[in-house]
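Visitor: I'll drop the sequence and a predicted model, then ask my questions.
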Amino acid sequence: MSQFLRHADATPFASSLIEGLRDFGYSLETSLADIVDNSITARAQRVDILANTTGEHPWIAVVDDGIGMSEHALVDAMRPGSRNPKEERLEDDLGRFGLGLKSASFAQARMLSVYSRFENESVCATWDLDEVAKSNAWRISLQDAFTHPAIEGMNGASVTAVIWRKLDRLDGGYQNSAADRARTINAALSQAEQHLRLVFHRFMEGKRPRLKLFLNGRLLAPIDPFSESNPATQFDQPDDLPLSKGLVGIRCVTLPHHKKMSKIAWDETGGPDGHLKSQGLYIYRADRCCQTKANQSHFSRDLNPLGYAKTTPLGKSSGAVQLEI
Ligand SMILES: Nc1ncnc2c1ncn2[C@@H]1O[C@H](COP(=O)(O)OP(=O)(O)OP(=O)(O)O)[C@@H](O)[C@H]1O
Ligand SMILES: [Mg+2]
């Protein structure tokens, strides 16, 4: 039978498939969270989100002091599907598909540059979707002598900067009005700021936080949806839920009465939708708050007028994770 088998080349067209990578459903906040998540996995202790929204060519960058990448590792990182989802990863590495860096970036920008300094060698790799549209080739450009305001003054031995330019998805269509464009991007950034403070709050807490996250030089404070440090918060006994791939810890938390919290802490723990809507299940994986009540529209609203109950699976939940597009 096999001698009758024929083959044909079905290599994807770069120019169409790469445009498809833009539409996985990322918002600015989830895109930034994916990039910061990569920085945390790369052992970064400081991450700077820098944005120039007022210039003629606005840009956003995420710069970290993590382990950096050699040129070889950087070229691999730029490849869509750079890692096999079946590959075993370290427990605290939430990466899986080898796609996030590219799809999260392309969702916001037509130009992605990643600069990395590793063992005193530096190189910058760039995907420019306009170039791919012209060449229809899976080809990135490499620059040894790369300069950009985002990396000025970053003197550490290892630095990685993810730089987004050509922000066509963020400019609100205001190509000709710099002021309106800046206002639109700044509003999205301010929403993203809240999201990042919540998702990574466990890394940002304490006197010696594991992560210092800055936005244009301003240190961001964590938002803990459970107000764990407030002595009036009530914690139920933790419980373990056995799933096919391991145990998931579950704990129910009741927030203090609003009189026992500052106005700012009360508003922030309630989130933009307020406390009634924000009670429910919060899912943490490797200390990242991956899912909040606010993004679970399928959960029924179980209002509790006496206290605001939130439930959190604790520790690692190594259950099957699916790519949700
Ligand atoms: N800030 C960084 N510092 C060092 N290496 C990085 C950094 N960001 C990304 N990388 C490398 O690039 C690779 C590709 O990143 P990408 O986000 O595309 O995929 P992933 O994190 O492996 O999986 P996922 O698609 O689930 O996010 C990572 O596996 C990592 O090796
Ligand atoms: Mg990733």
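Guide: Cool, the structure landed. Owing to the predicted nature of the structure, the values given are computational and were not obtained by experimental measurement. Ligands and ions are numbered 1, 2, ... in the order given.
Visitor: quick one, phi/psi of Met154?
Guide: phi -90, psi 100 (degrees, to the nearest 10).
Visitor: burial of it, as a residue count?
Guide: Number of residues near Met154 (other CB atoms under 10 Å) recorded here: 16. (C-beta placed from N, C-alpha, C; glycine too.)
Visitor: Skipping its backbone neighbours, what lies nearest it in space?
Guide: Nearest residue to Met154, sequence neighbours excluded (CB to CB, 6 or more residues apart in numbering): Val63, at 5.9 Å.
Visitor: what's the distance between the one you found and ligand 1?
Guide: Val63 sits 9 Å away from ligand 1, going by CB to the nearest ligand atom, to the nearest Å.
Visitor: what are the phi and psi values for the closest residue to ligand 2 within the stretch 1-150 of the chain?
Guide: Across the stretch 1-150 of the chain, no residue is closer to ligand 2 than Gly100, which sits at 3.2 Å (CB to the ion). Main-chain torsions, Gly100, degrees, to the nearest 10: phi -50, psi -50.
Visitor: residues in contact with it?
Guide: Gly100 makes contact with 34-35, 37-38, according to CB atoms under 8 Å, 6 or more residues apart in numbering.
Visitor: From those residues, pick out the ones that also neighbour ligand 2.
Guide: Asn38 (CB under 5 Å from the ion).
Visitor: among the contacts of Gly100, which are in helices?
Guide: 34-35, 37-38 (DSSP state H).
Visitor: In contact with the nearest residue to Arg22 once chain neighbours are set aside: list those residues for me.
Guide: Nearest residue to Arg22, sequence neighbours excluded (CB to CB, 6+ apart): Phe106, at 4.5 Å. Counting by CB under 8 Å, 6+ apart, Phe106 touches 18, 21-22, 112, 127, 129.
Visitor: want to try TSV for the residues you listed, with distance to Met261, secondary structure and neighbour count as columns?
Guide: Below are the contacts of Phe106 laid out as TSV (distance: CB to CB, whole Å; DSSP: H, G, I helix; E, B strand; the rest coil; neighbours: other CB atoms under 10 Å):
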residue	distance to Met261	secondary structure	neighbour count
Ile18	47	helix	20
Leu21	42	helix	18
Arg22	41	helix	18
Leu112	41	strand	23
Trp127	45	strand	24
Leu129	46	helix	20
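Visitor: Wait, Phe203 touches Ala286, no?
Guide: No. Taking contacts as CB atoms under 8 Å, Phe203 lies outside contact range of Ala286: 10.1 Å.
Visitor: longest single helix anywhere in the chain?
Guide: Under DSSP H, the chain gives helix 178-199 as its longest helix.
Visitor: Just the buried residues of that helix, please?
Guide: By neighbour count with 16 or more other CB atoms under 10 Å, helix 178-199 contains the buried residues 181-182, 184-185, 188-189, 192-193, 195-199.
Visitor: I'd like those residues as a markdown table, with pLDDT and distance to ligand 1 appended.
Guide: Listed next are the buried residues of helix 178-199 as a markdown table, based on pLDDT from 0 to 100; distance: CB to the nearest ligand atom, whole Å:
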| residue | pLDDT | distance to ligand 1 |
| --- | --- | --- |
| Arg181 | 94 | 27 |
| Ala182 | 95 | 27 |
| Thr184 | 96 | 26 |
| Ile185 | 96 | 22 |
| Ala188 | 97 | 21 |
| Leu189 | 97 | 20 |
| Ala192 | 97 | 17 |
| Glu193 | 97 | 19 |
| His195 | 95 | 17 |
| Leu196 | 97 | 15 |
| Arg197 | 96 | 20 |
| Leu198 | 94 | 19 |
| Val199 | 96 | 14 |
